[in-house]
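Student: Quick one, fold the following:
(2 chains)
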Amino acid sequence: MRIIVHNAKCQGHARCWAQAPDIFKLDDEGYILPGDIKVAEGEELLATRGARSCPERALEIDRTPAERVESVVLQSRFWRA
Amino acid sequence: MATNPVPDHVPPEMVRDFSLFTSPGMPPTPNGDPHAAVACVHAGLAIFYSPYNTRDGLGTWVVTRAKDQRRVLQDAETFSSHRSIFASALGENWPMIPLELDPPAHGVFRSLLNPLLSPRRAMALEPTVRKRAIALIDRIAASGTSCDVMKDFAFPFTVNIFLRFLGLSDDRLDIFVGWGHDLLHGDDVKRPVVARTVLAFIDELAAMRRKEPVDDFMTFIVQAEVEGRPLTDEEVRGIGVLLFVAGLDTVAAAIGFDLAYLARNLKDQELLRSEPNRIVIAAEELLRAYPTVQMIRVATKDIDFEGAPIRKGDYVSCATMIANRDPAEFECPNTIDLAREDNRHAAFGYGPHRCLGSHLARREIVIGLEEWLARIPAFRIKEGTAPITYGGHVFGIENLILDWS
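Tutor: The predicted structure is shown next:
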């Protein structure tokens, strides 16, 4: 599972950070750091709660298992080729 | 209240006789519940036109659904917040900063101020905030079994934190509270007078800190640079005034509404007292149920929005108390569930103007409730008294007399 971070939508409510400060890291202004977040095994519930706490809907939950993501990417590359 | 005629472009069937200032439950009401009173709008149109919905009697569109408010407030290009609400009381036209700036200037000032009120900074202020809460509540507990919450606790607590942040001692606390009250609730005669007084005060404070810098907010502002230049006098003033207006009333009102709720709901009160680790989550639900601010934006262009023909210059109201009772956003929105999950409420607004002080405000509310419940036994509204609530631009509560005899 991973969390897709839509940085442009983050307005620094920091609700995700309040739920899970180790998963959702903030910059000095209190806004989320750029880059999608790979959720470690066992932290899915906490990460889900954090993502669902965003008033701006800046955090998207992607439940596709990592291997599947890769295979989808490969497939789409294959198709394009 | 003077009302403007409804503009021609507003379809008559979209006009509603509703106003945050004059509808039932909005004027001062003993034992009122203004938040429940506004929730009734969800029975009707998702967006409608109110012919008199600002302090000065102007008409606004009223956006009721949370998802539509999110769209309006996230789109600062189409829905500008430059209204000069403070300066206009003086017949002037300068923005409170950063609230009344639009992007990209907004981002420059926001980045300057964000670190001062970041979540981490709010955590660092916590010991001071807690000490102040404990001192006030201990004094109340020692002096009897009843008090006026707003006068004895909520205002001295929140205004003290605000003054400390500004770098001022609180020997003039009552004067500041009076200014704040007159600014928000004063009539057309009082407001310009007190607005001038506040301005003079901010200007004087800025001049003092320029001459003799100390470690405080105003010193930071007068020494700060944006885009490689120091701030202009008008910018310093715009920041100082916003801090003043935003910091004085809102958190105190929130604490008042929260304690009034707990005074009337003894089971919830006892639950939080016996399990204080529930307070952080409960405070979010109380922020959802009892937010205090109506945000108003100005359309910068014609736009058809969810069936409403909004035209350039129209006012668009996004009242947090309406979004927070949206049944499409919150299950059973009029039920207060102190353990509510997925509580993405709008108390601090949406979009780039999200309340700059939200992190500190949250800590103040949580700490205020924690220390109050730890020190004051089961409390009720004092028999024979009735708290007075009011709606308007900032919702509030007065005469909240609690009793624990």
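
Student: What pLDDT is listed against residue 69?
Tutor: By default, I'm working from chain A. The model reports residue A:69 with a pLDDT of 51.

Student: Correction: the question concerned chain B.
Tutor: Residue B:69 carries a pLDDT score of 98 in this model.

Student: Distance check, it against chain A.
Tutor: For residue B:69, the distance to chain A (CB to the nearest CB, to the nearest Å) stands at 10 Å. In this view, the C-beta of every residue, glycine as well, is placed from N, C-alpha and C.

Student: Not counting sequence-adjacent ones, nearest residue to that residue?
Tutor: Spatially, and ignoring its direct neighbours in sequence, residue B:69 is nearest to residue B:318 (4.2 Å; CB to CB, 6 or more residues apart in numbering or on different chains).

Student: And that neighbour, its phi and psi?
Tutor: phi -120, psi 90 (degrees, to the nearest 10).

Student: Now do it against chain A, distance only.
Tutor: Distance of residue B:318 to chain A, given as CB to the nearest CB: 13 Å.

Student: thought that residue was touching residue B:73?
Tutor: Yes. Counting by CB atoms under 8 Å, residue B:318 touches residue B:73, with 5.7 Å between them.

Student: Please identify which of these two sits among more neighbours.
Tutor: A direct count of neighbours by other CB atoms under 10 Å in any protein chain shown for residue B:318 and residue B:73 places residue B:318 higher, at 28 against 25.

Student: Quick check: bridge partners of that one?
Tutor: Beta bridges link residue B:318 to residue B:295 when assigned by DSSP bridges.

Student: What separation do you get for it and residue B:324?
Tutor: Separation of residue B:318 from residue B:324 (CB to CB, to the nearest Å): 11 Å.

Student: Next: residue B:136.
Tutor: 29 Å.

Student: Who has more neighbours out of these two?
Tutor: Taking other CB under 10 Å, residue B:136 and residue B:324 do not tie; residue B:324 has more neighbours (25 against 21).

Student: before we move on, back to that, what residues are shared contacts of residue B:318 and residue B:324?
Tutor: Residues touching both residue B:318 and residue B:324 (CB atoms under 8 Å, 6 or more residues apart in numbering or on different chains): residue B:346.

Student: Name the residues contacting each of residue B:318 and residue B:73.
Tutor: Listed as contacting both residue B:318 and residue B:73 by CB under 8 Å, 6+ apart are B:295, B:297, B:349.

Student: Go ahead and confirm residue B:182 touches residue B:196.
Tutor: No. Counting by CB under 8 Å, residue B:182 does not reach residue B:196; the two are 11.4 Å apart.

Student: give the contact list for residue B:236.
Tutor: B:202, B:206, B:221, B:222.

Student: Torsion angles phi and psi at the second one?
Tutor: Pointing back at residue B:206 there. For residue B:206, the backbone dihedrals (degrees, to the nearest 10) come out as phi -60, psi -40.

Student: burial of it, as a residue count?
Tutor: Residues near residue B:206, counting by other CB under 10 Å: 20.

Student: any idea how far chain A is from it?
Tutor: 24 Å.

Student: Can you check the pLDDT for that residue?
Tutor: For residue B:206, the predicted pLDDT is 93.

Student: now do the last one
Tutor: Model confidence at residue B:222, given as pLDDT, is 95.

Student: Am I right that it falls within a helix?
Tutor: Yes. According to DSSP: H, G, I helix; E, B strand; the rest coil, residue B:222 belongs to a helix.

Student: Let me see the contact set for it.
Tutor: Residue B:222 makes contacts with B:206, B:209, B:210, B:213, B:230, B:231, B:236, as judged by CB under 8 Å, 6+ apart.
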